[in-house]
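A.B. asks: Coordinates for the following, if possible.
(one chain, ligands or ions: 2)
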Amino acid sequence: MTNLEVFFLGTSSATPTKNRSLPAVAIRREGQVILMDCGEGAQARFVKFGLGLNREMLILITHLHGDHVNGLLGLLQTMGMSQRLRTLTIVAPKELFGWLQTTMDVLHIGLTFDVSFVSVRSGVVFRGKDFRIRAARASHSIDSWSYVFEELPRPGVFNPKKALALGIPEGKKWSSLQRGRSVVVKGERIHPDQVLGPPRQGRSVGYSGDTRPTKTLTRFFHGVGLLIFESTYSSKDADKAVERKHSTAPEAAQLAKDAGVGRLVLTHFSARYQRPDTLLREAREIFPETLAARDGLVLDVPSVQ
Ligand SMILES: [Zn+2]
Ligand SMILES: [Zn+2]
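C.D. replies: Ligands and ions are numbered 1, 2, ... in the order given. The predicted structure follows:
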């Protein structure tokens, strides 16, 4: 089973603090990187964490507030200077693309690689070999989106005893069945479900971006293994959360509970809190499987079965 790791590159909201940089979270899986939001300075942390500038890569942008996108230009430019050749895919609200193009033209930035732009919409926005990315509308002060990364279900566990009992010789035909393909043995077709256990559910990671909690998002994040949800404020500042269209820690926890997620990670903390201890405590009262992100935190996402 391949590793699925989540790197918290920046966990602050709006402005950086002494210990927290601007929003950016990276998923690394089989050498591929999926970056969610790209706050200022993300490229430096990319280098620091050895995430690599020439990997297969996908960038998902939730919305066009500066703290979530100001790092893009620097990251792209550094990728160009590192002679990146692979195409980079960016999924974002479409206005981002004009902004990037204009800025690159003004600054005479030429890239060594192609950028494939995908305008975000509800539903599946990207399909990889064995995973996909879905998006849903969030509820913020401007057009804003949430994302789910999910591995496609894998075939069930292969049962060699059953295979031998059916007279299938060990070798190529076993591998075909393990990959979910039927084979013919002595003129008889054997289907994978005759020798495989039930399909194994893939791992999944949800990312809220900036948003109020909504019913749409509760449905959208239903059952994800790891949910990264913004909790800009503590319950004491709930009025600010409503006014500025953000979530409080207890609201994030309630949504995680209602959505039946495996684990919740709080992030995007307001600079008014030096440490997110109170926010974590408030959330754990509602949803005990909660962690508070910090810059540099790396989490393994375990398999479901
Ligand atoms: Zn923000
Ligand atoms: Zn915002």
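A.B. asks: Enumerate the residues of the chain near ligand 1.
C.D. replies: Residues of the chain lying near ligand 1 by Cβ under 5 Å from the ion: 13, 210. Quick note: C-beta positions are derived from backbone N, CA and C, even for glycine.
A.B. asks: Please enumerate the helices of the chain.
C.D. replies: For the chain, the helices defined by DSSP state H cover 42-48, 66-69, 72-81, 95-106, 160-165, 172-178, 215-220, 238-243, 249-259, 277-286.
A.B. asks: would you turn these into TSV with mean pLDDT, mean neighbour count and distance to residue 146?
C.D. replies: Putting the helices of the chain into TSV (pLDDT from 0 to 100; neighbours: other Cβ atoms under 10 Å; distance: least, Cβ to Cβ, whole Å) gives the following:
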stretch	mean pLDDT	mean neighbour count	distance to residue 146
helix 42-48	92	19	19
helix 66-69	96	21	13
helix 72-81	94	19	19
helix 95-106	95	13	16
helix 160-165	93	13	42
helix 172-178	92	16	35
helix 215-220	98	16	6
helix 238-243	97	14	17
helix 249-259	98	24	11
helix 277-286	98	18	18
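A.B. asks: Which stretch among those helices approaches ligand 2 most closely?
C.D. replies: Shortest distance between ligand 2 and the helices of the chain, using Cβ to the ion, is found for helix 66-69: 6.3 Å.
A.B. asks: The closest one and ligand 2, any residue contact?
C.D. replies: No. Judged by Cβ under 5 Å from the ion, helix 66-69 stays clear of ligand 2, getting no closer than 6.3 Å.
A.B. asks: One more: stretch 208-223?
C.D. replies: Yes. With Cβ under 5 Å from the ion as the measure, stretch 208-223 is seen reaching ligand 2 through residue 210.
A.B. asks: So what's the gap between that stretch and the chain middle?
C.D. replies: 14 Å (Cα atoms, centre = their mean, to the nearest Å).
A.B. asks: Need the residues that contact that stretch.
C.D. replies: Under the criterion Cβ atoms under 8 Å, 6 or more residues apart in numbering, residues 13, 36-37, 62-63, 65, 68, 134, 136-140, 144-148, 204, 206, 227-230, 232, 241-242, 245-247, 251-252, 254-256, 258-261, 268 lie in contact with stretch 208-223.
A.B. asks: Contact partners for the nearest residue to residue 178 once chain neighbours are set aside?
C.D. replies: Spatial nearest neighbour of residue 178, chain neighbours left out: residue 158 (4.7 Å); criterion: Cβ to Cβ, 6 or more residues apart in numbering. Counting by Cβ under 8 Å, 6+ apart, residue 158 touches 174, 177, 178, 195, 196.
A.B. asks: Which part of the stretch 201-305 of the chain gets nearest to ligand 2, residue-wise?
C.D. replies: residue 210 (3.6 Å).
A.B. asks: And that residue, how far from residue 145?
C.D. replies: Counting by Cβ to Cβ, to the nearest Å, the gap from residue 210 to residue 145 is 10 Å.
A.B. asks: Point out where the stretch 1-150 of the chain drops to low pLDDT.
C.D. replies: 1 (pLDDT under 70).
A.B. asks: can you pull out the strands in it?
C.D. replies: Ranges of strands in the stretch 1-150 of the chain, per DSSP state E, counting those that start in this stretch, are 4-10, 24-29, 32-36, 57-60, 88-92, 115-119, 123-127, 131-137, 145-151.
A.B. asks: Columns mean neighbour count and distance to ligand 2 on top of the ones you listed, output as CSV?
C.D. replies: Below are these laid out as CSV (neighbours: other Cβ atoms under 10 Å; distance: least, Cβ to the ion, whole Å):
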stretch, mean neighbour count, distance to ligand 2
strand 4-10, 23, 14
strand 24-29, 24, 14
strand 32-36, 22, 14
strand 57-60, 24, 15
strand 88-92, 22, 14
strand 115-119, 14, 19
strand 123-127, 14, 20
strand 131-137, 19, 14
strand 145-151, 24, 11
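A.B. asks: Go through the helices of the chain and name the closest to residue 154.
C.D. replies: With respect to residue 154, and counting by Cβ to Cβ, the nearest of the helices of the chain is helix 172-178 at 10.0 Å.
A.B. asks: how far is the closest one from where the chain is centred?
C.D. replies: In terms of Cα atoms, centre = their mean, the centre of helix 172-178 is set 32 Å apart from its chain centre.
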